[in-house]
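Trainee: here is a sequence together with a model predicted from it:
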Protein chains: 4
Amino acid sequence: MVAEVKVSELRGAGDVTLAERETPQPAEGEVLVEVGSVGVCGSDVHYYEHGRIGPYVVESPLVLGHEAGGVVAAAGPRATALSVGQRVSIEPGVPCRDCAQCLAGRYNLCPGVKFLATPPHDGAFSQYVVMPAQFVHPVPDTVSDDAAGLLEPLSVGIWACRRARVSPGRAVLVTGAGPIGLIAAQTARAFGASSVTVTDVNPHRLRLAGKLGLDAIDVSGTSLAQAGIEPDVLIECSGNAGATWEAVSVMARAGTAVLVGMGADEVRLPLPRVQDRELVITGAFRYANTWPTAIELAASGRVDLDSVVTGHFGLADVEAALMASRSDPAAVKVMVRPGR
Amino acid sequence: MVAEVKVSELRGAGDVTLAERETPQPAEGEVLVEVGSVGVCGSDVHYYEHGRIGPYVVESPLVLGHEAGGVVAAAGPRATALSVGQRVSIEPGVPCRDCAQCLAGRYNLCPGVKFLATPPHDGAFSQYVVMPAQFVHPVPDTVSDDAAGLLEPLSVGIWACRRARVSPGRAVLVTGAGPIGLIAAQTARAFGASSVTVTDVNPHRLRLAGKLGLDAIDVSGTSLAQAGIEPDVLIECSGNAGATWEAVSVMARAGTAVLVGMGADEVRLPLPRVQDRELVITGAFRYANTWPTAIELAASGRVDLDSVVTGHFGLADVEAALMASRSDPAAVKVMVRPGR
Amino acid sequence: MVAEVKVSELRGAGDVTLAERETPQPAEGEVLVEVGSVGVCGSDVHYYEHGRIGPYVVESPLVLGHEAGGVVAAAGPRATALSVGQRVSIEPGVPCRDCAQCLAGRYNLCPGVKFLATPPHDGAFSQYVVMPAQFVHPVPDTVSDDAAGLLEPLSVGIWACRRARVSPGRAVLVTGAGPIGLIAAQTARAFGASSVTVTDVNPHRLRLAGKLGLDAIDVSGTSLAQAGIEPDVLIECSGNAGATWEAVSVMARAGTAVLVGMGADEVRLPLPRVQDRELVITGAFRYANTWPTAIELAASGRVDLDSVVTGHFGLADVEAALMASRSDPAAVKVMVRPGR
Amino acid sequence: MVAEVKVSELRGAGDVTLAERETPQPAEGEVLVEVGSVGVCGSDVHYYEHGRIGPYVVESPLVLGHEAGGVVAAAGPRATALSVGQRVSIEPGVPCRDCAQCLAGRYNLCPGVKFLATPPHDGAFSQYVVMPAQFVHPVPDTVSDDAAGLLEPLSVGIWACRRARVSPGRAVLVTGAGPIGLIAAQTARAFGASSVTVTDVNPHRLRLAGKLGLDAIDVSGTSLAQAGIEPDVLIECSGNAGATWEAVSVMARAGTAVLVGMGADEVRLPLPRVQDRELVITGAFRYANTWPTAIELAASGRVDLDSVVTGHFGLADVEAALMASRSDPAAVKVMVRPGR
């Protein structure tokens, strides 16, 4: 292994630079992963544009990227479950495992979680990262390098489907056909949903939804009510206030809405509808205990992750990757390949 | 039985009149109940003030009142489970029992429900009402005449506690110390909640909360955050937008908020809090399968319904009862006694 | 319509006769169904062999058969949701809709249910049956005549999967590859189970399981432990005491076993395993609210019902159908076609 | 602190001896607790009589006792949440927090748990024990020294009530009025159960049940059916095969039975009842996340732990304590006080 590794640093809003850092060493129970492919997430773009997300401020150079897979390059003491050369997917949040949330199995709500690419913790736009072995999951060869990284957004979809109890007999609406929406919709189908409808206004994304075998509706020209949509489950992935209001307004009695799309400080909901129909509205914050299921869904082909990838960039081109992800209407999921 | 019965009719906004009607006759499976005591609900006041609630418009004379108890005066054919003279409590919503909601056990969400005092169905500000025997529940002598009527708001409290899964280990906040809030808070205590805190700004109501053994906070002078409140369960009974926002903002991780208070067209919620803490927000629409439990809680004294009663009016004074309920700051639950 | 209809009567153990009866007339809310195809169930065979099942004794001529589909031949007053000529599937249990179980949504547990082919209620080995319209479900043309009848055992599979919360991430074991086992296993796959394994000792059935794309294990030659089976969910369809004990013994922590197979008076379970692993053991009694989902699963091809059919018999040959179902090792699901 | 501590060692079946050991030192994150009072559990008696429980064999001197409270005597590095002199209750099972069960919040099912007084881990019949600070819970002064130890069996009761979803509206039967039964019954009452009935044949225990305000039935002279018992929830604490069969046989539809009583290799259940009534049968293995609730219930007086204590013994008299617990019909919970 080399003494120095290349990383892409965000030094402030709009300031991305290739840098070199000392190669990290795995401590007890940790492994060193040579990063293969990393997805660009909306949160990466937000840090790039604004230098912060809410209370999380980039105060020193930050490595972005948290949707990552790769190959085990070295294992620290007692990290015996993984061997060098093993292809893996990284679960990017490491909870404390000591607090009330962790002990209750809600480790995604751990207040002490260390999450890749969330200040002050560096992410995976880097040749190598060190992680506790427990959060590094082996993947079979039927999961591609890109898909190994995209098990992270797939976990978001699984978590949303679990929180909404998607199953046969439930009609699902997914608002927003971005990467999360397209993956969540496929996940809902794998959970056996009676029907899955995806909405967006972007023709590229609607076309991709169709290619993935999903029912897609262009809501620039029709309302959900006109389209006869009355979902039992809403997985809101657009983060758009109007779309959220409209979708909740057409939900069936006793339905469940999971608000996945982020960005706003508030959400407005039609109160009489929530009350009279006893809708359940909730959020999905990351995920817990999802990787084994994500690996199954991807490896069996029930969820197609590779088809949402629309571009690859090297470590020197992270800024271009971020800009494509933000501005290119034809871009869905953009990947960074540090080894390229 | 007399040929004519006295009823109190709402003939339009602000127009309440005593009238006579033909005595109703119980058909097969029905009973005739001589009404003993009926609580005045906020919805009665709303119809009185506005002549409508949302889509429900008073187009012909409407008898208000749906929180009612009394005595069985006559039984129709096959209504064998009840005998004349039996003291009873009326469950005011009669669902169709044929639709998907009814068959799924969510009969409170039945689109075809017939609910007392909701146009075009008359209510119980009347000497007699006819009801299907199945929705007329016998009460023991430890349940007073007023309490027999108030099993209806107690059912609202039970339903809210069930939806929120109140149990030992859960801290409960009830916002709003009106009749529903005071009853729901006692109910939460009977469900074993670790702590129950009630908030209001009305000193009469706060004093009554204290008398009922509840922790009461005057939120005119302090914020929930200052008071160190971090509830696992919120039962929102104020219908106040600011109170709702503040209460949701202090909720503990994985908490559940049940929105009971009505009146507004929308509810605004702090989205990042809902998402990051995976709060569950839902409504409680009436109740289903609550009467047996309501009878137990009232009969055993675990919930004190009589103490929330602050006044009694005769059938000729329904307008005074409605005005007291609306405007008297010292009024909590006002009862109408048709036989008085 | 003819004045008389042909029916197959069971007049006592081992005594099946073709008879004529007056054509039944649909009353208010009912429809007359011309029966197309009816599955032979183990309970039909049991009545044929023993003249009773537990407390249910054949005391007067009984028409067997409760897995039935057909075509609406006439509609009674107010049965407006169905039109003559509509292809339908019959839900054979009609609950009272008035008792505590019905109001709670557990109408399968209604003590007053009237169930086809359970004394004293006649079943569907008949040219025509009358049913309440609400329990007669329209089916699309992608559901065959046989499949319309087999939505009944499919409902058993759906109910078992719901009670066990089958979903992606759960490994399912189905013990017994008879009709119920083969249908339940396909249902579990449609619910997204991570893996579904079916066991039996009958090579015909194991072969059919394989043809349906299921993992099948011949347990005459290997133990579940040897085969490395450690299921999260067990759907026990064999009714065999040894198979049940062994299957429960290999279940994973916090797993759920649904006991579907019937016949014995008692079940013996390994107590330390149930306790130390906190297994959940329960029964599945018929089903509630399953037909819409059953129609979807069959119509979409996610569950293949036609492939489990191994023979067809006319109304005059019901006895031969019962004997084939009981004794032919190659028989899986035998159908009676009254119109044949 | 002294260099040597007194402990009571079990050296084999029937062989209990007072011994001295080096005083243990708290490592990072651990505390040293001076043991105040320790309950004698049936498992302690079983080890004493048989030298083993199933696969757990006493192969070297074992310190028994796992229901313990005391005072913090010293704190290791980083064990900052607890201060010397703090009165505490010990949660005796320390899970790995790394396995799938731990991450899912089911840390009681952790295969790697280290549990006090389970070979090879020593227990608390000792002047001092060392524990991770996280599993040492501060108690207020309203919790007595004995009660601090008995939060452990109270946790068993809480866990059983949680698994059975005890709440208002549910009738609860507790079979067996030993320490666990008497505590679980009080816990069910604190969870708001509509009724709680306890059964036993031991008049001392039945009398104590009555003193605790519980409905108690002597089943030596009557059957549950004769007594009109039809519980929604069964908490089986007798470990008796006949009592279990009878209790399950009278359960109400959709009821839940939690099997707490141990000792047998198998449990026999009435299969038709389990199936036709869709009973849920499960075990409760220790507990998870119960201490905060246990402290509340004991501190508030909702569960009276002190009243089940029938005797105290010093460390030199552990054998007498074990024999009293096993053989004295008037003994309920016997406590060992190492400092006595």
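Mentor: Nice, thanks for sending it over.
Trainee: show me the helices in chain A, by range?
Mentor: For chain A, the helices defined by DSSP state H cover A:42-50, A:100-103, A:145-163, A:179-190, A:203-211, A:241-249, A:271-276, A:291-299, A:318-327.
Trainee: need the residues of the stretch 201-340 of chain A near chain D, please.
Mentor: The stretch 201-340 of chain A comes close to chain D at residues A:288-289, as judged by C-beta under 8 Å from any C-beta of the partner chain. The C-beta positions use only the backbone N, C-alpha and C, and glycine is treated the same way.
Trainee: for the stretch 201-340 of chain A, which spans come out with low pLDDT?
Mentor: By pLDDT under 70, the stretch 201-340 of chain A has no low-scoring segment.
Trainee: which parts of it sit against chain B?
Mentor: Counting by C-beta under 8 Å from any C-beta, the residues of the stretch 201-340 of chain A near chain B are A:253-254, A:259, A:262, A:264-272, A:274-285.
Trainee: filter these down to just the buried residues.
Mentor: Among these, those buried by neighbour count (16 or more other C-beta atoms under 10 Å in any protein chain shown) are A:253-254, A:259, A:262, A:267-272, A:274-285.
Trainee: out of those, which are inside strands?
Mentor: A:259, A:267-270, A:280-283 (DSSP state E).
Trainee: widest-spaced pair of the residues you listed?
Mentor: Farthest-apart pair in these is A:Pro270 and A:Gly283; separation 18.0 Å (C-beta to C-beta).
Trainee: mind listing what's buried along stretch A:287-295?
Mentor: A:287-291, A:293-295.
Trainee: who touches A:Gln101 in this structure?
Mentor: The contact partners of A:Gln101, by C-beta atoms under 8 Å, 6 or more residues apart in numbering or on different chains, come to A:95, A:107, A:109-111, B:253-254.
Trainee: let me see the contact set for the residue in chain A that chain D sits nearest to.
Mentor: In chain A, the residue that lies nearest chain D is A:Gly105 (2.0 Å; C-beta to the nearest C-beta). A:Gly105 sits next to A:288-289, D:103-106 when contact means C-beta under 8 Å, 6+ apart.
Trainee: out of the residues you listed, which one sits closest to chain C?
Mentor: After measuring those against chain C - C-beta to the nearest C-beta - the closest member comes out as D:Arg106, at 5.8 Å.
Trainee: apart from its chain neighbours, what residue comes closest to the closest one?
Mentor: C:Ala254 (5.8 Å; C-beta to C-beta, 6 or more residues apart in numbering or on different chains).
Trainee: coming back round to it: give me whichever of the helices of chain A is most buried.
Mentor: Sort the helices of chain A by mean neighbour count, taking mean count of other C-beta atoms under 10 Å in any protein chain shown, and helix A:179-190 sits at the top with a mean of 29.
Trainee: what about that one, near chain B?
Mentor: No. Applying C-beta under 8 Å from any C-beta, one finds helix A:179-190 out of contact with chain B, separated by at least 13.1 Å.
Trainee: next one: that helix to chain centre, how far?
Mentor: In terms of C-alpha atoms, centre = their mean, to the nearest Å, the centre of helix A:179-190 is set 11 Å apart from its chain centre.
Trainee: I'd like the average pLDDT over it.
Mentor: Average pLDDT, helix A:179-190: 98.
Trainee: now A:Val274: closest residue in space that isn't a chain neighbour?
Mentor: B:Gly283 (4.7 Å).
Trainee: report the beta-bridge partners for that neighbour.
Mentor: B:Leu259 (DSSP bridges).
Trainee: I figured it was touching B:Val258, is that so?
Mentor: Yes. Between B:Gly283 and B:Val258 there is a contact at 7.1 Å, judged by C-beta atoms under 8 Å.
Trainee: what about the residue nearest to D:Arg106, distance to A:Pro203?
Mentor: 46 Å (C-beta to C-beta, to the nearest Å).
Trainee: same question for A:Gly263.
Mentor: From A:Gly263 to A:Pro203 the distance is 23 Å (C-beta to C-beta).
Trainee: now A:Ile90
Mentor: For A:Ile90, the distance to A:Pro203 - C-beta to C-beta - is 34 Å.
Trainee: same check on A:Glu30?
Mentor: Taking C-beta to C-beta, one finds A:Glu30 at 45 Å from A:Pro203.
Trainee: same deal with A:Val172?
Mentor: 22 Å.
Trainee: stretch A:116-126 close to chain B?
Mentor: No. Stretch A:116-126 lies out of reach of chain B by C-beta under 8 Å from any C-beta, never closer than 12.1 Å.
Trainee: pull the residues that contact that stretch.
Mentor: A:5-8, A:21, A:35, A:38, A:43-44, A:47, A:56-60, A:62-68, A:90, A:92-93, A:114-115, A:129, A:315, A:318, A:336, A:338.
Trainee: now with 7 Å?
Mentor: The contact list for stretch A:116-126 (C-beta atoms under 7 Å, 6 or more residues apart in numbering or on different chains) reads A:5, A:7-8, A:35, A:38, A:44, A:56-59, A:62-66, A:68, A:90, A:92, A:114-115, A:315, A:318, A:336, A:338.
Trainee: domain map for chain A?
Mentor: A:4-144+A:305-337, A:156-283 (automatic domain parsing).
Trainee: which of the ones you listed is buried the deepest?
Mentor: Greatest burial across the domains of chain A, using mean count of other C-beta under 10 Å, falls to domain A:156-283, with a mean of 22.
Trainee: return the distance of stretch A:29-37 from the chain's centre.
Mentor: 19 Å.
Trainee: format the CA atom coordinates belonging to that stretch as PDB.
Mentor: Presented in PDB, the C-alpha positions along stretch A:29-37 are these (Å, rounded to 0.1, in the frame of the first residue of the first chain):
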ATOM      1  CA  GLY A  29     -11.900  -4.400  14.400                       C
ATOM      2  CA  GLU A  30     -11.500  -2.100  11.400                       C
ATOM      3  CA  VAL A  31     -10.700  -2.700   7.800                       C
ATOM      4  CA  LEU A  32      -9.100  -0.500   5.100                       C
ATOM      5  CA  VAL A  33     -11.300  -0.400   2.000                       C
ATOM      6  CA  GLU A  34     -10.000   0.500  -1.500                       C
ATOM      7  CA  VAL A  35     -12.900   2.500  -2.800                       C
ATOM      8  CA  GLY A  36     -14.300   1.300  -6.100                       C
ATOM      9  CA  SER A  37     -17.300   3.400  -6.800                       C
END
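Trainee: touching chain D at all, it?
Mentor: No. If you take C-beta under 7 Å from any C-beta of the partner chain as the test, stretch A:29-37 misses chain D, and the best it gets is 8.8 Å.
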